[in-house]
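Asker: Sequence first, then the predicted structure:
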4 protein chains.
Amino acid sequence: MTKFHGVVPPVVTPLNPDFTVDYPSYTRVLEHLIEAGCHGVFVLGSTSEVVFHDWKTRQAILEHSVTVVNGRVPVIAGVIDATTDAVIAHSQAAKAAGANAVVVTAPYYTITSQSEIIDHFRYIKDAVDIPLVAYDIPVCVHTKLARSTVTTLAKEGTIIGLKDSSGDDGNFRYALLDLVEHEDVFLMTGSETVVDNALQMGAHGVVPGLANVDPHGYVRLWNAAQRGDWAAARREQERLCELFEIVWVAQNRVSGGASGIGGFKTAMRRLGIIDTNVMPRPRQPLNEAEAVRIDMILRSTGLLD
Amino acid sequence: MTKFHGVVPPVVTPLNPDFTVDYPSYTRVLEHLIEAGCHGVFVLGSTSEVVFHDWKTRQAILEHSVTVVNGRVPVIAGVIDATTDAVIAHSQAAKAAGANAVVVTAPYYTITSQSEIIDHFRYIKDAVDIPLVAYDIPVCVHTKLARSTVTTLAKEGTIIGLKDSSGDDGNFRYALLDLVEHEDVFLMTGSETVVDNALQMGAHGVVPGLANVDPHGYVRLWNAAQRGDWAAARREQERLCELFEIVWVAQNRVSGGASGIGGFKTAMRRLGIIDTNVMPRPRQPLNEAEAVRIDMILRSTGLLD
Amino acid sequence: MTKFHGVVPPVVTPLNPDFTVDYPSYTRVLEHLIEAGCHGVFVLGSTSEVVFHDWKTRQAILEHSVTVVNGRVPVIAGVIDATTDAVIAHSQAAKAAGANAVVVTAPYYTITSQSEIIDHFRYIKDAVDIPLVAYDIPVCVHTKLARSTVTTLAKEGTIIGLKDSSGDDGNFRYALLDLVEHEDVFLMTGSETVVDNALQMGAHGVVPGLANVDPHGYVRLWNAAQRGDWAAARREQERLCELFEIVWVAQNRVSGGASGIGGFKTAMRRLGIIDTNVMPRPRQPLNEAEAVRIDMILRSTGLLD
Amino acid sequence: MTKFHGVVPPVVTPLNPDFTVDYPSYTRVLEHLIEAGCHGVFVLGSTSEVVFHDWKTRQAILEHSVTVVNGRVPVIAGVIDATTDAVIAHSQAAKAAGANAVVVTAPYYTITSQSEIIDHFRYIKDAVDIPLVAYDIPVCVHTKLARSTVTTLAKEGTIIGLKDSSGDDGNFRYALLDLVEHEDVFLMTGSETVVDNALQMGAHGVVPGLANVDPHGYVRLWNAAQRGDWAAARREQERLCELFEIVWVAQNRVSGGASGIGGFKTAMRRLGIIDTNVMPRPRQPLNEAEAVRIDMILRSTGLLD
């Protein structure tokens, strides 16, 4: 199995004013990421607003992604759903569409336990012949994948990797240490403001939503880390931290989800990558006053003149 | 509009060993509830393990329910999904299937705000011509419907009622007081161990999962309350509290969800209402030692000789 | 041992502008409560803002309370502190001052377990010869007393009662049922907007902060419940719910603690019971605009002409 | 003002079997830390189990610390208490005892707001002429110091630094960036398993409880970071992560607090630094089976032959 690695952005899904997917813009996003040197793409994740799209649209997004990417980098697909059998169905569809791996969260809406979570992954592994990546995202599913859950699943070969969006970087380090001898397992962080740290710990990849706005920045950061230039990695990360402030521009007016991804979309619109900053219902888009503040941040971080 | 009221159990979904719905058993559950005098049924809710069933199965369950119930009592249908458009699609299907009202939660998986929740309900109301009941269930969706959210939606006519499974009975009382002059709005509690209290406050209905096991008990409790015999209501409730201990029999071995609904199913199997206590994956059913403890509780509460 | 029971308000501690205790006002509060027919007083609890007062002041407040009350009703004293030995020291002082029982929370600031909480109560019981009442207040100590913790301690005689301010009324009911044969144990609720419900369940007492403002209301509610007039109890409770809105008047400007007790103090000042609405640092008092809104509520609930 | 920096361990407080402080052992702890090259000591913090000690004992511990340290390194003193005036009193005593700075948490037990927290620090600053360090420890006080709270207080000179034990390393990075031009402000992390990361971000100091067991390790880590040898820093941190597993040895038997500090004390006893592993009530010490597992970890990390 080829090991995934590097900068693997969770791809934003641009929308038309009628809330359908804007595929021309979406193609531009993918090209923008690949041309910048990203090492893979993660589609149909939380940043893709996956749970706002119906089954058919999810499949269409994935098929479009595979077609556009065309083997240049791996396509990792979120198969986000509340329960085991739904995830199995999504995984089969993802395999059929040509995804290289699928990303699976703990069950949600239901009240779950670590033991059930382990069974959940095992049932999926048994049912579908596609590599599984565990997705630790307690902010969405309200359960944290325990250290022992991740290491059990990785050591037995049920999962081939982890995307850790829990923010618990100390725990992530223990996953790296626990699995250091399992070279086929890859561990990726979603903590996009401390990517230099995660790489210094030995993380194999990073999944930064902000890379939709500035993929070159994260690729430079990755490259600096690969050559051991931690001072350069830090400088790049600190600039990206300043850029990341776009996610909070609207935080006093809309929900955290709308403010964060809305910030990405508004910046991407300004940079000409996508055509609108439309958000799926019931999320509201950023308004023009907020867009002006986004522009200021884009300028101060060197993305706009 | 006819006001819903009374004992409206959230109907358990019995399964075959291959995890398909056991419709003969399901029919018996519905008949058991209606014969006992329940005033309505709530299908496809959390107790129905709705999120474990795919779209087609959900539709089949609802159609089967409408056919079996055949107008004897109202059928209220959960349209549980993570985001607005999915709920709209479920609501249209529920209307087509003949549901009398649909039950809508706050968005989940996404990070949401009260303002977005209000919009969520308004979009659904605009899109589908079927009465909406708000479902306050923070243990599943991890957001509480604020008092002002409920009263805003009820006063403007977006929702016709509330199913409050938040456990915050003080807040539920304020909803009753806030809406006392809106006689078309009905407010139901899911706090099944303090139903006598909710009725004493003026609740219009109760949605007890335990009524799957003992509908007669809840109907007696409702009737006692209607005639103002609070001492009898309390005695009945206290017996039901003893019976409710079945939900904790397996709590040290499996998740809270599996232990609770698994307890219901195991008791219903013992009482001959359904054929198996199979749980949907990844939930595990109660084992035989646990079933023996369930039997003891059924005996001590008068449901078994 | 005489069983405590009835309306036992947690007594507000009025302050002078220099933050010292205003004892003349404090005397008036106690007289106001006793004259209204309250069955006991709970001093040095959360509503008394106990943790804002130093050791010496706490002792002075308690001694003053015992002197003023002069045996007319029991004086129950909070011995709120973070760890076992501090609570023992406070309990010894409370006994010396003439308190009839002490009220003990779970440890706080420290990260604790139910097993440690059980030991905590046992150590205190062994060290001091004064009746212990368990105080379940997770909003302050961030740990809930488990049902089994309360029943274990009560059945073995370590505690003589419970003040339940957890808001989990279903769990409170189980405490009542678990201990129904232990007639010497008394169980009191702090859920002041559903007192009629708690009494209908069989609660032995109620500890409403709002009784500082309207003790007659809670005494009438208690009396109605004692004679089984639940309709009258409900009417009284509903009026008190309307009055209770004073705790939220300042909620958008100050913390929940400052808004709630500040609301009580501002109403009591308006009613002439105390001289100021001064709050201990860093809490801010309600301002004049908020006081005007308090006045309106006092008027609409019949406490002001 | 001299800027604090470097490895500043929170000093464990060894106890005699009768729960009094074991001062000879305590002296050895301090000497052990200073001889290893630690740059300061933080006494009377959470790791010191400060809230288990009464006022007099806290003062005696601090005075003993100042005497033993004798100016060789700064002594920073926790003034942990629930409310403003109590913290002021502790701060005055700490100043009198010769502490070089005091460490102040948000209020606890009370329900508080960011605005009240800001006032809390300002009142203390106004009342006592000693440098204040903010202590962000939500696991104990259940409130996080907001980014804007810390930067406001630091920029206006109310606090001279921060000890961040929140585990939110992304937020800590923003504090470093926000205050980069305020060279007199020092920011220290309590995230002891990712100290290399914090130093790479630019943290000015680290406050690892584990340094009580292995101060040389943290000093080597600090020194490696100072000379920019991040590979060596990482190796040292990874060995310390393995050692840190001692905090979980008893986690299934006792509370997290008892397991963590109990693990430190048991290791320190084995290493001959202190005489007992006695814990303050109601915490239980580690048992002998657990001590054997601690020994194994000490051996595998090179601290025991």
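Answerer: Looks like it came in fine. Only a predicted model underlies this, so the values are computations on that prediction, with no experimental measurement involved.

Asker: where along chain A do the helices fall?
Answerer: Using DSSP state H, the helices assigned to chain A run over residues A:23-35, A:55-69, A:84-97, A:114-127, A:138-141, A:147-155, A:169-178, A:195-201, A:215-226, A:230-244, A:256-270, A:288-300.

Asker: Could I get the average pLDDT for the fifth one?
Answerer: In other words, helix A:138-141. Averaged over helix A:138-141, pLDDT sits at 97.

Asker: picking that back up, in TSV, list the helices of chain A along with mean neighbour count.
Answerer: (Each C-beta comes from the backbone N, C-alpha and C, glycine too.) Output for the helices of chain A, formatted as TSV (neighbours: other Cβ atoms under 10 Å in any protein chain shown):
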stretch	mean neighbour count
helix A:23-35	18
helix A:55-69	18
helix A:84-97	20
helix A:114-127	19
helix A:138-141	19
helix A:147-155	19
helix A:169-178	20
helix A:195-201	26
helix A:215-226	21
helix A:230-244	20
helix A:256-270	24
helix A:288-300	16
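
Asker: who touches the closest residue to A:A82 other than its chain neighbours in this structure?
Answerer: The spatially closest residue to A:A82, leaving aside those adjacent along the chain, is B:V51, at 4.2 Å (Cβ to Cβ, 6 or more residues apart in numbering or on different chains). For B:V51, the contact set (Cβ atoms under 8 Å, 6 or more residues apart in numbering or on different chains) comprises A:82-83, A:86, A:109-110, B:80.

Asker: Please pick the buried ones from the residues you listed.
Answerer: The neighbour-count test (16 or more other Cβ atoms under 10 Å in any protein chain shown) marks A:82-83, A:86, A:109-110, B:80 as buried among these.

Asker: Identify the farthest-apart pair in the contacts of B:V51.
Answerer: Spanning the widest gap among the contacts of B:V51 are A:A86 and B:I80, at 12.7 Å by Cβ to Cβ.

Asker: where does the stretch 201-305 of chain A dip in pLDDT?
Answerer: The model of the stretch 201-305 of chain A has no residue with pLDDT under 70.

Asker: From B:A77, how far off is the residue in it that chain D sits nearest to?
Answerer: Closest residue of the stretch 201-305 of chain A to chain D, Cβ to the nearest Cβ: A:W230 (5.2 Å). Look at A:W230 and B:A77: by Cβ to Cβ, to the nearest Å, they are 57 Å apart.

Asker: I'd like the distance between the nearest residue to A:R234 once chain neighbours are set aside and A:E242.
Answerer: Take A:R234 and drop its neighbours on the chain: the residue closest to it by Cβ to Cβ, 6+ apart is A:D196, 5.4 Å away. From A:D196 across to A:E242, the span is 14 Å (Cβ to Cβ).

Asker: do A:L44 as well
Answerer: 29 Å.

Asker: likewise A:Y26?
Answerer: 27 Å.

Asker: ditto for A:D169
Answerer: Applying Cβ to Cβ to A:D169 and A:E242 gives a distance of 20 Å.

Asker: just A:V75 next, same as before
Answerer: 31 Å.

Asker: near chain D, which residues of the stretch 101-250 of chain A show up?
Answerer: A:167-170, A:173-174, A:177, A:191, A:193-194, A:196-197, A:200-202, A:228, A:230-231, A:234, A:238, A:241-242 (Cβ under 8 Å from any Cβ of the partner chain).

Asker: let's go with 7 Å and repeat that
Answerer: Along the stretch 101-250 of chain A, the residues adjacent to chain D under the rule Cβ under 7 Å from any Cβ of the partner chain are A:167-170, A:173-174, A:177, A:191, A:193-194, A:196-197, A:200-201, A:230, A:234, A:238, A:241.

Asker: got the contact list for the residue lying closest to the residue of the stretch 201-305 of chain A closest to chain D once chain neighbours are set aside?
Answerer: Nearest residue to A:W230 in three dimensions, chain neighbours excluded: D:W230, at 5.2 Å (Cβ to Cβ, 6+ apart). D:W230 makes contact with A:200, A:230, D:196, D:200, according to Cβ atoms under 7 Å, 6 or more residues apart in numbering or on different chains.

Asker: and which of those residues is nearest C:N277?
Answerer: Checking those one by one against C:N277 (Cβ to Cβ), the nearest turns out to be D:Q200, at 51.0 Å.

Asker: Identify the residue of the stretch 1-150 of chain A closest to chain D, quick one.
Answerer: The nearest approach of the stretch 1-150 of chain A to chain D comes at A:R147, 9.8 Å away (Cβ to the nearest Cβ).

Asker: Next, the contact list for that residue, please.
Answerer: By Cβ under 7 Å, 6+ apart, the residues touching A:R147 are A:171, A:174-175.

Asker: can you redo the residues you listed as a markdown table with distance to D:G272 and pLDDT?
Answerer: Shown next, in a markdown table, are these (distance: Cβ to Cβ, whole Å; pLDDT from 0 to 100):
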| residue | distance to D:G272 | pLDDT |
| --- | --- | --- |
| A:N171 | 32 | 97 |
| A:Y174 | 29 | 98 |
| A:A175 | 34 | 97 |
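
Asker: export stretch A:171-181 as CSV, just CAs?
Answerer: Taking Å, rounded to 0.1, in the frame of the first residue of the first chain, the C-alpha atoms of stretch A:171-181 are listed here in CSV:
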residue,chain,number,x,y,z
ASN,A,171,-2.7,12.7,22.6
PHE,A,172,-1.8,12.9,18.9
ARG,A,173,1.9,12.6,19.9
TYR,A,174,1.1,9.4,21.9
ALA,A,175,-0.5,8.0,18.7
LEU,A,176,2.7,8.7,16.9
LEU,A,177,4.8,7.1,19.5
ASP,A,178,2.5,4.1,20.0
LEU,A,179,2.5,3.4,16.2
VAL,A,180,6.1,4.3,15.4
GLU,A,181,7.0,0.8,14.4
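
Asker: what's next to it, contact-wise?
Answerer: Against stretch A:171-181 from outside (Cβ under 7 Å, 6+ apart): A:147, A:150-151, A:154, A:162, A:164, A:185, A:187, A:189, A:198, A:201-203, D:193-194, D:238, D:241.

Asker: please redo it, this time with the cut-off set to 8 Å
Answerer: Looking at what lies outside stretch A:171-181 - Cβ under 8 Å, 6+ apart - the contacts are A:147, A:150-151, A:154-155, A:162, A:164, A:166, A:185, A:187, A:189, A:191, A:198, A:201-203, D:193-194, D:238, D:241-242.

Asker: Could you check which residue of chain A lies nearest chain C?
Answerer: For chain A, Cβ to the nearest Cβ, closest residue to chain C: A:N252, 13.5 Å.

Asker: Test my guess that A:G45 contacts A:V104.
Answerer: No. Using Cβ atoms under 8 Å, A:G45 is not in contact with A:V104; the gap is 11.2 Å.

Asker: if I pick the residue lying closest to A:E192 once chain neighbours are set aside, what's in contact with it?
Answerer: Using Cβ to Cβ, 6+ apart and skipping residues adjacent in sequence, the residue nearest A:E192 is A:P208, 3.7 Å away. A:P208 sits next to A:7, A:9-10, A:190, A:192, A:195, A:218, A:240 when contact means Cβ under 8 Å, 6+ apart.
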